[in-house]
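no FASTA, just this:
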């Protein structure tokens with residue numbers, strides 16, 4: 001087929017399908033010639049055919065524009081017209097996030113780290129973010145987590161999947177009942193067997209922990225959703241005792257822990273555990289924004305080799321730019337200032353933590 005006919009048929013099909021919208025301006029003849037690798041005369045011939053048939057019109061000194069064609073014959077390419085394009089929902093976040101500080105951080109990172117942003121991230125995530133998280137946990141939560149044990153992922157759901165891949169699908173996962181619905185969905189989609197454990201006033205009932213069969217225990221000790229229950233110190237030590245007796249791992253889902261009452265940080269199971277049996281998971285989706293699809297898990301030392309064997313060849317799913325921005329936002333102190341502001345807001349409005357997180 002001659003080149004001008006190829007151009008003519010391609011543009012005609014895109015006009016009829018709606019890929020090129022009515023009244024849209026076509027590229028200049030020179031640009032189109034460059035795109036198709038042909039002469040301007042060839043493009044003129046194709047455009048001329050479209051003008052003659054009424055698909056486009058030529059406006060002097062302005063260029064070529066697509067006609068608004070109504071009443072196209074039934075059975076034509078127009079049956080596949082795209083139609084109206086989707087628009088983004090205009091939803092205002094519930095948290096009063098200081099966007100100006102975040103966007104200043106974006107500009108700073110792009111300006112200062114231009115070359116680093118084009119280097120592929122290690123499988124575990126960029127060192128700069130893993131170091132920043134380690135320092136943050138030490139000063140804000142009193143947790144000692146080595147950067148080499150911190151693994152970056154795109155939110156809690158991916159990290160749940162990674163836990164299954166590390167520990168094995170043949171394991172029975174004990175989960176709180178009721179629990180966050182995504183825990184059920186993700187573990188279910190990975191094919192693991194779930195063992196629901198009924199909740200009491202201070203956490204999972206002792207009878208459930210002793211009598212139910214499970215190989216992994218997934219818990220949310222701080223403000224479990226949707227119950228809002230925070231495990232007492234006694235219950236937390238019971239979880240650790242059960243893990244030691246059964247020789248199993250605990251998955252500590254700590255999604256809301258940053259919003260403890262002022263002056264009363266909640267000690268994590270990971271910080272309390274002495275036998276390397278807790279896998280700690282947290283994300284920035286709740287503490288910063290639902291659009292911030294970045295999370296992390298802290299693996300026990302004895303699982304690092306297994307992680308490398310099973311997941312070490314996969315690429316990190318979080319873009320390098322996003323990792324550098326978040327690292328700078330944490331190291332600058334902006335993240336902790338944001339958390340303090342949100343905690344004060346909760347205190348002033350006397351909002352229960354569980355109600356607060358149900359809103360975002």
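Yep, it's here. As the structure is a computational prediction, the values presented were derived from the model and not from experiment.

how many other residues sit next to residue 128?
Residues within reach of residue 128, counting by other C-beta atoms under 10 Å, total 21. For every residue, glycine as well, the C-beta is placed using N, CA and C.

if you skip the residues just before and after it, what's nearest to it?
Take residue 128 and drop its neighbours on the chain: the residue closest to it by C-beta to C-beta, 6 or more residues apart in numbering is residue 327, 4.5 Å away.

Mind pulling up the pLDDT for the one you found?
Looking at residue 327, its pLDDT stands at 94.

phi, psi of it?
Dihedral angles of residue 327 (phi, psi; degrees, to the nearest 10) stand at phi -60, psi -40.

I'd guessed it sits against residue 134; true?
No: here residue 327 does not reach residue 134: they are 10.8 Å apart, not a contact under C-beta atoms under 8 Å.

Which one of these two is surrounded by more residues?
Taking neighbours as other C-beta under 10 Å, residue 327 and residue 134 compare with residue 327 leading, 25 against 19.

in which helix or strand would I find residue 8?
In this structure, residue 8 is located in helix 3-17 according to DSSP states H and E.

repeat for residue 223
Using DSSP H and E, no element contains residue 223; it sits outside every helix and strand.

my guess is it contacts residue 254, does it?
No: Residue 223 is beyond contact range of residue 254, at 9.9 Å (criterion: C-beta under 8 Å).

And the strands in this protein?
Counting by DSSP state E, the segments of the chain that form strands are 56-59, 63-66, 150-153, 172-177, 193-198, 216-219, 249-253, 278-283, 295-298.

Would you map the helices across the stretch 51-200 of the chain?
In the stretch 51-200 of the chain, the segments counted as helices under DSSP state H, counting those that start in this stretch are 99-112, 127-136, 156-167, 181-189.

now these as TSV including distance to residue 277 and mean pLDDT?
Compiled in TSV, the helices of the stretch 51-200 of the chain are given as follows (distance: least, C-beta to C-beta, whole Å; pLDDT from 0 to 100):
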stretch	distance to residue 277	mean pLDDT
helix 99-112	36	88
helix 127-136	20	94
helix 156-167	12	94
helix 181-189	19	89
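
Next, format those helices as CSV and append distance to residue 175.
What follows is the helices of the stretch 51-200 of the chain, written out as CSV (distance: least, C-beta to C-beta, whole Å):
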stretch, distance to residue 175
helix 99-112, 34
helix 127-136, 26
helix 156-167, 11
helix 181-189, 6
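
These: which one's closest to residue 67?
Residue 67 lies closest, by C-beta to C-beta, to one member of the helices of the stretch 51-200 of the chain: helix 99-112, at 41.7 Å.

Contacts for that closest one, please.
117, 321, 324, 325, 328, 329, 332, 334, 338 (C-beta atoms under 8 Å, 6 or more residues apart in numbering).

And for residue 130, the neighbour number?
Summarising burial for residue 130: neighbours were counted as other C-beta under 10 Å, giving 24.

is it true that it touches residue 147?
Yes: with contacts counted by C-beta under 8 Å, residue 130 reaches residue 147, the gap being 4.2 Å.

For stretch 112-127, list every residue counted as buried.
Judged by neighbour count (16 or more other C-beta atoms under 10 Å), stretch 112-127 contains these buried residues: 113, 117, 121, 123, 124, 125, 126.

Pull up the distance across that stretch, start to finish.
With C-alpha to C-alpha, to the nearest Å as the measure, the first residue of stretch 112-127 is 17 Å from its last.

now that stretch, how far from the chain's geometric center?
Mean-position distance between stretch 112-127 and its chain equals 18 Å (C-alpha atoms, centre = their mean, to the nearest Å).

quick one on the thing from earlier: OK, contacts around the residue nearest to residue 128?
126, 128, 129, 131, 132.

So it versus residue 152, what's the distance?
When distance is defined by C-beta to C-beta, to the nearest Å, residue 327 is 10 Å away from residue 152.

overlap in contacts of these two?
Overlap between the neighbourhoods of residue 327 and residue 152 consists of 126, 129, taking contacts as C-beta under 8 Å, 6+ apart.

mind checking pLDDT for residue 117?
Predicted confidence (pLDDT) for residue 117: 89.

Where does pLDDT dip in the stretch 1-150 of the chain?
Where the stretch 1-150 of the chain drops to pLDDT under 70, the residues are 70-98.

Residue 295 contacts residue 161, correct?
No: taking contact to mean C-beta under 8 Å, the distance of 11.5 Å between residue 295 and residue 161 leaves them out of contact.

which residues sit in contact with the spatially most central residue of the chain?
For the chain, the residue nearest the mean C-alpha position is residue 293 (2.2 Å; C-alpha atoms, centre = their mean). Contacts for residue 293 (C-beta under 8 Å, 6+ apart) come out as 154, 155, 285, 318.

run the last query once more with 6 Å
Contacts for residue 293 were tallied using C-beta atoms under 6 Å, 6 or more residues apart in numbering; they are 154, 155.

Give me the neighbour count for residue 25.
Under the neighbour criterion other C-beta under 10 Å, residue 25 is assigned a count of 13.

before we move on, the earlier item: now the two most distant members of the buried residues of stretch 112-127.
Farthest-apart pair in those is 113 and 123; separation 20.3 Å (C-beta to C-beta).
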